[in-house]
Every structure is written in C-alpha cells, then in structure tokens.
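> Starting from these lines, generate the structure:
(one chain, ligands or ions: 1)
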Amino acid sequence: MLVVGGPASAELARKVAQLVGCRFVEVEARKFPDGESYVRLTREVKDEKTVIVQSTYPPQDTHLLQLLLLVDAATRSRASEVTAVVPYMAYARQDKVFRPNEPVSAEVVLKVLRELGTRRIVTVDVHSPEVFSRVAMEHVNLSAIGILARHFLDLGFKGVSAFAPDRKAARMAEEASKILGGSYGWFSKQRDRVTGEVSMMLERGEAEGREIVIFDDIISSGGTVMMAARTLKKAGARRVYAACTHALTSRESYMKILSSGVEDIVSTDTIPTFTSKVSVAGLLAETLRSLL
Ligand code: R5P
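Here you go, the predicted model:
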C-alpha cells in the first residue's frame, strides 16, 4: 500500500504512512499562472493499492479539484485500486434539496470521485453519512468523538457533562459521555434556510453547577456553539468548553466564540489549524490496515 500526501493533508498523510508502515508518496503541487491547479505524483503507483489523503477544507474548490486530479493521476498510472481519504468532506452539508432548484452538492462530489475510479472513500464525521447510501461506492465514515473525549479525559476532565448543539449530534454527546463518565444532553435547533438564522432550546440535560464540553461535527461561523454556550451559562453552567472534529474557524471567530463564554476550542487535524490538538492519524491508520 502507498499513502499519497495531498497538498491539503501532507503532514497527516505522512503520519498515517508511518503508523501503517508503508511508503509515503509526495505530491508536486503548484498553480499555473492563470490560477489553475497542477499536481503530480512523485513516484510510480502501478499495481499498488493507493490511498490518497486530501482534506477539502478552504479553499474547498482548489482542494477538491486537487483531489480529483490526484485520483485521475493514480488511476491513469494504473494503481491497482484507489482509496480517497477525505477527512473533511466539503459540500457535505448540502446533502439534500432544501429549496426548489438546488443541486445536491454532497452527491456531486461522490459521483465525480466514483466516476474517476475511486474504489472507496473514507471520511471523518461527515455531516450526513446517509448521503453515501445514495451513491454506489464503498465508504467508511469514522468518528473522532472518542479521541476528542479521551483528550479531555487526559486533561483531567473526568465526570464533566457532554452536550450536543442539536438532536442530530446527540449521539456524539452520548458517545463522549461514556468516555468522560458524566451525563449528557442536547439542544433542539432550527435554522432558517433563507436568512441562516438559528434558534435553540435546551431539550435534555442539566447545566446547573456543571463543567460542560459541547461536542459537534463542525464549528464554522461559531453561531451554533456560541448560542449553546450562552444558554448553558444562563442555565448555571460553571465552565463550558467546545470540541469539534472540523474547525473552520478563523482567529477572529475563535476570539468571538471565547467572548461568548467558551473557555477553549479543541479540534482535530482533519483541518490543520491552531485549535487542532488531536490527530485522526491513528484512527485512519487503523482503518486502512483493516481495509487494505
Ligand atoms: C449543523 O448541523 C452542524 O452540525 C454544525 O452545528 C454547524 O454546521 C455549525 O455551524 P456554525 O458554526 O456556522 O453555526
């Protein structure tokens, strides 16, 4: 097996290759003067099971296109099979037609990958795993909630409560609570599809006097986590932390989130950023070992 380090995830891919004990393939990447992307595999992949690790965080379109070009390069160079490891899958949140005449972007990404010859896709906490059942391609969606919860446990957070900002993420809070040994709860959340405005209500769980970690798949603008943190503080929470798999936050929104009463944000390296304190490399390596 070979692990190719896509330009968006070279460091993560190198760690995965080391943990699996297989060869790492560097990618030559640059931009043409007009802004188009160029990639090239720096070694032969013929007859090799080839794993391309490329997250598709911002700039999403560039990272996504680099991924597609790498898959094409590998299949064209006659890799025996291609696995796309896409730790953060862009466009996953548009997983259905919310308003008339919209595309289903998540399906588009998967269909193009399949068309180019991707045998399977591995994602981490993809927004809506249901989308995979609509596109015939082997898939594995991993959860980073366990490693995030263990990070807090290692810091001495035993017994803290885990909360999810919406009903869909409640299973994340439940999973984390099993590791942290505290209670769990969740909010009900509505988002206006046109204005994007969010409203939220505490649906289950006690906040009074508690230390709480809010778990979610993504923190983007921070609107969701800030609203959850404010509500928990109002309900008497002592301290509130936030953990997410994918942090799309800028330094500016990070500071805004802290000013809403969140002590700190911890994320993984699916998106390498200043809040990435937990690596998904072990999780990916273990999965690849069992798959290939
Ligand atoms: C929504 O369903 C997701 O799980 C996240 O809660 C959401 O995408 C976070 O976005 P933001 O930080 O912009 O509120």
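
> Where do the domain boundaries of the protein fall?
Per automatic domain parsing, the structural domains of the chain span 2-143+279-291, 145-269.

> Columns distance to the ligand and mean pLDDT on top of the ones you listed, output as a markdown table?
Every C-beta, even on glycine, is put in place using the N, C-alpha and C of the backbone. Output for the domains of the chain, formatted as a markdown table (distance: least, C-beta to the nearest ligand atom, whole Å; pLDDT from 0 to 100):
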| stretch | distance to the ligand | mean pLDDT |
| --- | --- | --- |
| domain 2-143+279-291 | 6 | 97 |
| domain 145-269 | 3 | 94 |
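
> could you dump the ones you listed to JSON lines with mean neighbour count?
What follows is those, written out as JSON lines (neighbours: other C-beta atoms under 10 Å):
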{"stretch": "domain 2-143+279-291", "mean neighbour count": "19"}
{"stretch": "domain 145-269", "mean neighbour count": "19"}
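
> Mind jotting down where the helices sit in the chain?
Assigned by DSSP state H, the helices in the chain fall at 10-20, 60-76, 105-115, 145-154, 170-180, 223-234, 251-259, 281-291.

> Name whatever forms a beta bridge with the spatially closest residue to Val160 that is not a sequence neighbour.
Nearest residue to Val160, sequence neighbours excluded (C-beta to C-beta, 6 or more residues apart in numbering): Glu211, at 4.4 Å. Glu211 forms beta bridges with Arg239, as assigned by DSSP bridges.

> ok, so what distance separates the nearest residue to Glu28 once chain neighbours are set aside from Leu67?
Using C-beta to C-beta, 6+ apart and skipping the chain neighbours, the partner closest in space to Glu28 is Arg40 (4.3 Å). From Arg40 across to Leu67, the span is 14 Å (C-beta to C-beta, to the nearest Å).

> Ala17 now?
Counting by C-beta to C-beta, the gap from Ala17 to Leu67 is 17 Å.

> Then Ala229?
34 Å.

> and if you look at Asp125?
Asp125 sits 18 Å away from Leu67, going by C-beta to C-beta.
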